[in-house]
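> Give me coordinates for this.
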Amino acid sequence: MHALLSTAFVLCWSSGFIGAKLGAESAATPTLLMWRFLPLAVVLIAVAAVSRGAWRDLTHRNAGRQIAIGALSQSGYLLSVYYAIELGVSSGTTALIDGVQPLLAGALAGPLLRQYVSRRQWLGLWLGLSGVATVTVADAAAAGAEVAWWAYLVPFLGMLSLVAATFLEGRTRAPVAPRVALTLHCATSAVLFSGLALGMGAATPPAGSSFWVATAWLVVLPTFGGYGLYWLILRRSGITGVNTLMFLMAPVTAVWGALMFGEPFGVLTALGLAVGLAAVVVVRRGDGTSRPRRARPARPARPRPDLAPGSDQPVASAGGGPAAPGGGPAASASGRR
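The predicted structure follows:
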């Protein structure tokens, strides 16, 4: 079951970069993001109005925390990803830069959440980072001078935003139902992106059908599939487990982008894919939280003079009364002098 969820998560999350590439060909980033979340938020709010049972235990504090998580994990993260792709950064390179997230999350998981990373897991994280760096350099070299150097820094902002949201969720003591959290996150993104699009005069969607195809793609696959599975796997496997899968987003997106858009895919990209897969295997095997600790062998109990052999009942005293707390027989009126 875990392998199936992990595979679906990798494919759905990677589809977000492909959908962003599709949408960037027909509309600006604020327009695409506004129409991705505005209809979705309306539907989710309508569903929430009908089924109020999941919302009864939601406090104002938890609601505010989920709004902040949504602003970081959706609004901040997606804005940087879409803008980077609009600037000309390939979908594979954007995913590769986001692949640095597991290393940063692994480094901070210990001091912030007390979810410490083992030495073998650190080896896998650094191995995954080397695979990410290999493919990033290859894609950047293939892009040449067509893309400004600072455009490659934009996805880092989204990566930091998602890491912050991950730790904010990890420190939440009262878990919120997934559909409640998704509704709050999408409503937050709809408000922020609609305000951004209206402020920039980019709220009107294009008339072409390709824009709506890209919008439907982004709603179904990355939002319900990738985003929903992210929080589900986070709760089941912890931060290190879910972020290790992020190493696979870069090579999978690179292959997908090469097949769909003709983006560069050479020997170094293939090498990075192999290294990313190896990193996942190493981290999975180094996860000590899933293996129960071996119990220490019990020490043989010392014989107690106040207990009868083979019994847990106190030995009767000479006077017929119970044993004294000190281990010796209790004194009786006719006891020895």
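> and the strand or helix carrying I67, what does it pack onto?
Using DSSP states H and E, I67 sits within helix 60-70. Counting contacts by 3 or more C-beta pairs under 8 Å, 6 or more residues apart in numbering; DSSP states H and E, helix 60-70 packs against helix 154-170, helix 178-199. Where C-beta positions appear, they are placed from N, C-alpha and C, glycine not excepted.
> other SSEs contacting the strand or helix carrying I85?
Using DSSP H and E, the element containing I85 is helix 77-86. Judged by 3+ C-beta pairs under 8 Å, 6+ apart, helix 77-86 is in contact with helix 2-24, helix 29-50, helix 91-98, helix 154-170.
> got the CA coordinates for the third one in PDB?
Right, the one you point to is helix 91-98. Below are the C-alpha coordinates for helix 91-98, written out as PDB (Å, rounded to 0.1, in the frame of the first residue of the first chain):
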ATOM      1  CA  SER A  91      10.000  22.100 -15.900                       C
ATOM      2  CA  GLY A  92      12.800  19.500 -15.100                       C
ATOM      3  CA  THR A  93      15.200  22.100 -13.800                       C
ATOM      4  CA  THR A  94      12.500  23.700 -11.600                       C
ATOM      5  CA  ALA A  95      11.700  20.300 -10.100                       C
ATOM      6  CA  LEU A  96      15.400  19.600  -9.600                       C
ATOM      7  CA  ILE A  97      16.000  22.800  -7.700                       C
ATOM      8  CA  ASP A  98      13.000  22.000  -5.500                       C
END
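> ok, now how distant is T269 from V252?
Here the criterion is C-beta to C-beta, to the nearest Å. By it, T269 lies 11 Å from V252.
> These two: which is more packed in?
Using other C-beta atoms under 10 Å as the criterion, T269 and V252 rank with T269 on top: 24 against 21.
> tell me the SS of that one?
Three-state assignment for T269 (DSSP: H, G, I helix; E, B strand; the rest coil): helix.
> Begin at 279 from now on, thanks
Renumbered: residue one is now 279, and that last one reads T547.
> For it, give me its contacts.
G370, V413, A416, D417, P529, A532, V533, A536 (C-beta atoms under 8 Å, 6 or more residues apart in numbering).
> ok, now L356?
G294, A298, L311, G436, S467.
> Now do it against L470, distance only.
For L356 relative to L470 (C-beta to C-beta), the value is 10 Å.
> how close does the closest residue to G354 other than its chain neighbours sit to P484?
Spatial nearest neighbour of G354, excluding adjacent residues (C-beta to C-beta, 6 or more residues apart in numbering): S439 at 3.4 Å. Distance of S439 to P484, computed by C-beta to C-beta: 28 Å.
> ditto for S293
21 Å.
> Look at those two and report which has more neighbours.
Each of S293 and P484 has its neighbours counted (other C-beta under 10 Å); S293 has more, 21 against 14.
> just checking, that one touches T501?
No - using C-beta atoms under 8 Å, S293 is not in contact with T501, being 10.2 Å away.
> on that earlier part again, V425 is nearest to which of the helices and strands packed on helix 355-364?
Distance to V425, taken as C-beta to C-beta, is lowest for helix 369-376 among the helices and strands packed on helix 355-364, at 8.7 Å.
> which residues are contacting that closest one?
Outside helix 369-376, the residues touching it (C-beta under 8 Å, 6+ apart) are 292, 295-296, 298-299, 359, 362-363, 410, 413-414, 417-418, 421, 430, 433-434, 436-437, 440, 524, 527-528, 530-532, 534-536, 539, 541, 543, 547, 550.
> Ok, stretch 286-299 next?
So stretch 286-299 is contacted by 310, 356, 359-360, 363, 369-370, 372-373, 492, 495-496, 499-500, 503-505, 507-508, 511, 520, 523-524, 526-527, 530-531, 534-535, 538-539 (C-beta under 8 Å, 6+ apart).
> Got the phi and psi for A306?
Phi and psi for A306, reported as degrees, to the nearest 10, are phi -80, psi 160.
> wait, doesn't it sit right on E364?
Yes - here A306 reaches E364: they are 7.0 Å apart, a contact under C-beta under 8 Å.
> now the helix holding I345 against helix 432-448, angle please.
Relative orientation of helix 338-348 and helix 432-448, computed by axes from the mean of the first three to the mean of the last three C-alpha atoms, to 10 degrees: 160 degrees.
> what's helix 338-348 in contact with?
443, 446-447, 450, 452, 454, 458-459, 462-467.
> so where's the chain uncertain?
The model of the chain has pLDDT under 70 over residues 378-395, 414, 421-423, 517-518, 521, 561-615.
> ok, longest helix in it?
helix 397-421 (DSSP state H).
> If you count contacts, what does that helix end up packed against?
Against helix 397-421 (3+ C-beta pairs under 8 Å, 6+ apart) you get helix 369-376, helix 379-391, helix 506-523, helix 527-539, helix 545-563.
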